[in-house]
Each structure stands twice: as C-alpha cells, then as structure tokens.
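>>> What follows is a predicted protein model with its sequence.
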Amino acid sequence: MALRDITLGQYFPGESPIHRLDPRAKLVAMICYIVALFLGKWFVSYALLLLILAAVVKVSTVKPRALVRGLKPVVFILVFTAVLNIFYTPGQALVSFWIFTITKEGLLHAFFMVVRIVMLITCTFLLTYTTSPLALTDGLESLLGPLKKLRVPVHELSMMMSIALRFIPTLIEETDKIMSAQRARGADFDSGNLIQRAKALIPLLVPLFISAFRRADELATAMECRCYHGGEGRTRMKQLHWRPGDVLFMLGALAAAVAAGVLGCWGL
Amino acid sequence: MSDQPILRTEHLTFRYTTEEGVAPTVLDGVSLTIRPGEFVAVLGHNGSGKSTLAKHFNAILLPSGGKVWVDGMDSCDEDKLLDIRRRVGMVFQNPDNQIVASVVEEDVAFGPENLGVPSAEIRERVDAALAAVGMTDYARHAPHLLSGGQKQRVAIAGVLAMRPRCIVLDEPTAMLDPVGRKEVLDTIRRLNREQNITVVLITHHMDEAAQADRLIVMHDGHIVADDKPELVFQNVDGLRSLGLEVPEPVALLYELRQAGVDVPLTALTVDECAGVLKELLCIVP
C-alpha cells in the first residue's frame, strides 16, 4: 500500500548516541546543516556535507533503507526541479534541439539542487527518526520559550504539533481502511485524468474528516479528564539537560556550516 | 472518612440544550451513592443515559438540576475541578482517541505532568502504573502498534498514574476482541481487589455486568434496578421488557424453570450453572 510509505514524523526508538542527544541540540544542528547545504557551491563542499551526514546516519543506526523510503514521496518534486534547472539555466550549450537547450551549467545546477534537496530531506528525517515526537516538541517549546514573553502561544503550538504527529499513523491506518471500504463499493482511485482522480478522493476525504473531528472531540474530553489545563504549572517526566556531548554536536554542526560557507566563498 | 461516599448524586437531572430550544431530558432525577472500594456496573441500552451519568462523575458534564458530590466536593465548584478529576479517572471506549503521546510511558506520564508532580515522582508513578496493568515491557513502544486490549490497558495506566480513588470506565471493551475484553476486565477486577480502587463500569455486556459487586440498571434516564447482580438478573421478564438480555446461564435456568423444573436463578457464570445442573441431575436420577 502506497500510503504505508509515508514515514513523516515516525520515530524509531533506539539507544544510539544520536538518539540520546538533547532534542534542542539536534534541532539547532539541523538548522546549521540546512544553512550549510545552501552555502555550499561545488563538489568539495557537498562531499564534505555528505560525509558528515553519512557519519551521523552510521552512528544513529537508522537503516538507510528507511531514509530512502522517506524520499519516495518527493521523487516527483526532485524530477521537476531537475528538469526545470536543466532547461532553464543559461550558459554554455551542450545539446540543442527544437526549443530546448541543455547547458553545462544547467546540468550541474540540477545535480546540486537534487543533492541539496535529498540531503535536506534525509537530515530532517534523521531528526524525526531518532527523536521521539514529544522530545522534539519539548525541544521546540524550550528553544522558542523566549517568545512566550511576546505572548506567542508556544506551549499550545508545541502541544498541537505533538498531537498531530501522534495521530499521523492512526489517520493513515484509517485512510487505508476507508480506501478499502470504498474500493469494495466500486470506487476507483487509480485511473482517469487528474480531475477525475481528484473527484474520486471526495468519498475518501469526507469520512476521513468527519472521523478526525470526532477523534479530536473525544481526545479533548480525554485530555480534560486527565487534568490538562494548558501549560501553566505543568511539569515533565523527562527534563531536558544540556550535556557536553550536546554542545559538542552543535558546535560540530556550526563548524560544518562555517566550513561550507568558506568553501562556498572560494567557489568550491 | 472511609464512610464518606466517593460518588453521590441527588436528584441529578441533565438536559441537552439544542439550537431549537427543545431539550430532551437524558437523566431524570437520578439519586445514588457509591462507597469507596465498590465495584459497580451500570447497565443500559443506548440512550439510557448511562454514559451521560458517567460524565457527571468527574465534572465533564455539569448537572442541569440536582447535585453531584465527588469525595465530598460539589462538582459545580470550579476551584475543585482538578481535585475532582484527579480523584475520579475516566477511561473511554475508543483507546486510540485517548492516548495523547507517541510513546507508552510518555502517555502514562501525561496526567501527573498536568498535575505538576515533580519529575522523579512522575517516573515512579509511571513505572508503578505500568506494572499494575502488566504493560511494563511495552513502556518504550509506540501505542499505535499495540493491540486494542493493550492500548486500553495503557489508557487505564494513564489514569492510575494520577493516583485516583475511583475509575469510571465508559464501555471500555466495546471495540475489543474477546481476548482484549478479558485482559481489560481482569485488570479492572485486580485493581479493585488489590488497590481498593472504586470501579464504575459502564457496559452493555451482561457477562461483564455479572462480575461486579453491584449492578445498576438504567432506562430512559432513570435507575430501574440497583442491587447485587444475581438478584437483578432474577427479574428476567422485567429486564427483557427493557430490551435487555440476561447472561446465558441465567437464561438457561430461566427456561428450565418455565418448563417446570425448580432451579434457582442465581448462577451467573457457566461454572455455577453447571454446578446447579449437576445437583439437579443427581437429585432426579
């Protein structure tokens, strides 16, 4: 089933050093890494960044297969970006036919763009695979904490996010079930043009939405029953502690970003 | 203190207010008292008001008329809201819709976290609660990979971690297979016996109701029977006129009785029923 491939926000529990890092450290490191990806210009910087990513994947014990599976849903975007870059970058023409011209710069551009997106997605997946959603939202809540003074509802946002992540597998399962049920009644999701396919989704989306609202209502009641009353006076079972390893990890990511920036300046 | 009822309602009335202003009465003058340590089953058809009654026990719904006291606290008193909800935990029908976190132990910790319990004590409470429902091995698992019965036991652990005096379960087994139902029921009975937690079990399964110490039958927002299960189930005709069946052993004995055989109707389980029949067969060779 194609829906099972969506692994967004899924967490694989584990005991690797990457799993044990403070979520805040991982978040900051990820941001540094993404910045680095966009600062890089040439093979040297990407080779360096790829090496770093590969090392982190290796330490995290996440199966590379799981990461590749996460890339499947974005294949279309990748192809689209590549094609656009190949044909629309001006420069030294390699091949020319009809109104299309493929340039050397275009090919390189397309290649770097694809590499960039693949590495970006891989590193975000690595974050969600090795960090429990609650730890992740805790980390976000803690990092964004200063915004509370500006009356940004940080706790509410992070709670919403953790619940959304919690319900992804449940809703996927439900979508699967509804699809099977509608197929058994003769619904056809896989043929016809785009408009017909979009229309075929209506009998899927309507029950899904109704059920999601019902779930939300029941969940709200269940949360109230367990004394939820907003972020005020709330304690946590697992408190976040900065450890030397976390700081080192962040500094490493920062160094990678700086290195990519410097290499980028030299055109490497 | 121990004599104080854990739950008490007096002439409890509840109406839903609809947009048209028509207000169907769901609960109509319900008065009952539940004492600490009791295992009470509430039986009734869909629409009998049993779930609505349950939601009054921890101030999710507030009475339109009459009063509800939880461990001596008026449920309408907003200052006591958290105290009330901590004392009376609630477990619902759909296990998926009451699990908040993506890891079992973090979900169990949700209640005490809301109560502001210190971190170290939360850890203790979570471990104790998971042990009490026999889910310690699954502490680090993702809830959506568990079976229905296991999820429901996690939900019970989540309530236990708040250290409640009473647990109200609203049809906790309705979505489970027979194995899951047995798991959940055994857990509830053990908690009632070993930790002396008051249990209110809302159900429409006769065999579950039969396991309680006390059985309340609801119909149209009224209490129509409130006694020991073996006594309530004696009134086979009365229950059937409300559209409720009696447990199978009782139904069998009832048929025998209709056929002119003198047997008591007090056997609720298959074993007890077999005992009665054995005795009967020995007397009439």
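Perfect, thanks for sending it. Numbering: from 1, shown residues only, chains lettered A, B, ... in the order given.
>>> going forward, measure contacts between C-alpha atoms and count neighbours the same way
Noted.
>>> Next secondary structure after the helix or strand encompassing B:E106?
Per DSSP states H and E: B:E106 is located in helix B:104-108. Next along the chain after helix B:104-108, taking DSSP H and E as the criterion, comes helix B:110-115.
>>> what is the rounded mean pLDDT of that next one?
For helix B:110-115, mean pLDDT rounds to 90.
>>> outside of that helix, which residues touch it?
Defining contact as C-alpha atoms under 8 Å, 6 or more residues apart in numbering or on different chains, one finds that helix B:110-115 is touched by A:226-229, A:231, A:233-237, B:100-101, B:122, B:158-159, B:161-162.
>>> What residues sit buried inside that helix?
The neighbour-count check on helix B:110-115 (16 or more other C-alpha atoms under 10 Å in any protein chain shown) flags B:F110, B:G111, B:P112, B:E113, B:N114, B:L115 as buried.
>>> Could I get the buried residue list for the helix or strand hosting B:A129?
Assigned by DSSP H and E, B:A129 belongs to helix B:119-132. Residues B:S119, B:I122, B:R123, B:R125, B:V126, B:D127, B:A128, B:A129, B:L130, B:A132 are the ones in helix B:119-132 that count as buried (16+ other C-alpha under 10 Å).
>>> May I have the beta-bridge partners of B:L215?
B:A41, B:D227 (DSSP bridges).
>>> Just want to check the distance between it and B:G44.
11 Å (C-alpha to C-alpha, to the nearest Å).
>>> Same check on A:T128?
46 Å.
>>> Can you tell me which residues in the stretch 101-250 of chain B are near chain A?
Residues of the stretch 101-250 of chain B found near chain A (C-alpha under 8 Å from any C-alpha of the partner chain) are B:101-103, B:106, B:109-111, B:113-120, B:122-123, B:140-141, B:144, B:159, B:162.
>>> Make sure A:A110 is actually in contact with A:T89.
No - under the criterion of C-alpha atoms under 8 Å, A:A110 makes no contact with A:T89, lying 9.0 Å away.
>>> ok, the two, which is more surrounded?
A:A110 (24 against 19; other C-alpha atoms under 10 Å in any protein chain shown).
>>> Three-state assignment for the more buried one, please.
helix (DSSP: H, G, I helix; E, B strand; the rest coil).
>>> show me the contacts for it.
Contacts of A:A110 by C-alpha under 8 Å, 6+ apart are A:T81, A:A82, A:V83, A:L84, A:N85, A:I86.
>>> Now the last one: which helix or strand?
A:I86 belongs to helix A:75-88 when assigned by DSSP H and E.
>>> Do a quick rundown of the helices in the stretch 1-150 of chain A.
For the stretch 1-150 of chain A, the helices defined by DSSP state H, counting those that start in this stretch occupy A:17-20, A:23-39, A:43-60, A:64-71, A:75-88, A:104-130, A:133-143.
>>> can you redo the ones you listed as CSV with mean pLDDT?
Shown next, in CSV, are the helices of the stretch 1-150 of chain A (pLDDT from 0 to 100):
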stretch, mean pLDDT
helix A:17-20, 83
helix A:23-39, 87
helix A:43-60, 84
helix A:64-71, 82
helix A:75-88, 84
helix A:104-130, 85
helix A:133-143, 81
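>>> Out of these, flag the one nearest B:I60.
Smallest distance to B:I60 across these (C-alpha to C-alpha): 26.4 Å, for helix A:133-143.
>>> who does the helix of greatest length in chain A touch, helix- and strand-wise?
Assignment by DSSP state H gives helix A:154-184 as the longest helix of chain A. Secondary-structure packing of helix A:154-184 (3 or more C-alpha pairs under 8 Å, 6 or more residues apart in numbering or on different chains; DSSP states H and E): helix A:133-143, helix A:202-225.
>>> sorry, back to before: which helix or strand lies directly C-terminal to the helix holding B:A129?
Defined by DSSP H and E, the subsequent element after helix B:119-132 is helix B:148-160.
>>> same question for that following helix, mean pLDDT?
Rounded mean pLDDT across helix B:148-160 is 91.
>>> Give me the residues contacting the helix or strand just after that helix.
Proceeding N to C from helix B:148-160, the next assigned helix or strand is strand B:166-170, under DSSP H and E. Applying C-alpha under 8 Å, 6+ apart, the contact partners of strand B:166-170 are B:6, B:36, B:51, B:54, B:57, B:87-93, B:159, B:197-203.
>>> Likewise for stretch A:119-131?
Residues outside stretch A:119-131 that contact it (C-alpha under 8 Å, 6+ apart): A:8-14, A:18-19, A:23, A:26-27, A:30, A:34, A:37, A:50, A:53, A:57, A:60, A:62, A:67, A:70-71, A:136.
>>> can you check stretch B:202-217 too?
For stretch B:202-217, contacts defined as C-alpha under 8 Å, 6+ apart pick out B:38-45, B:50-51, B:54, B:168-172, B:174, B:185, B:201, B:223-230, B:232, B:245-247, B:268-269.
>>> I'd like to know which of those residues are buried.
In the contacts of stretch B:202-217, burial by neighbour count holds for B:38-45, B:50-51, B:54, B:168-172, B:185, B:201, B:223, B:225-226, B:228-230, B:232, B:245-247, B:268-269, counting by 16+ other C-alpha under 10 Å.
>>> In strands, which of those appear?
Using DSSP state E, the members of these that fall in strands are B:39-44, B:168-170, B:201, B:223, B:225-226.
>>> Fine by me, thanks again.
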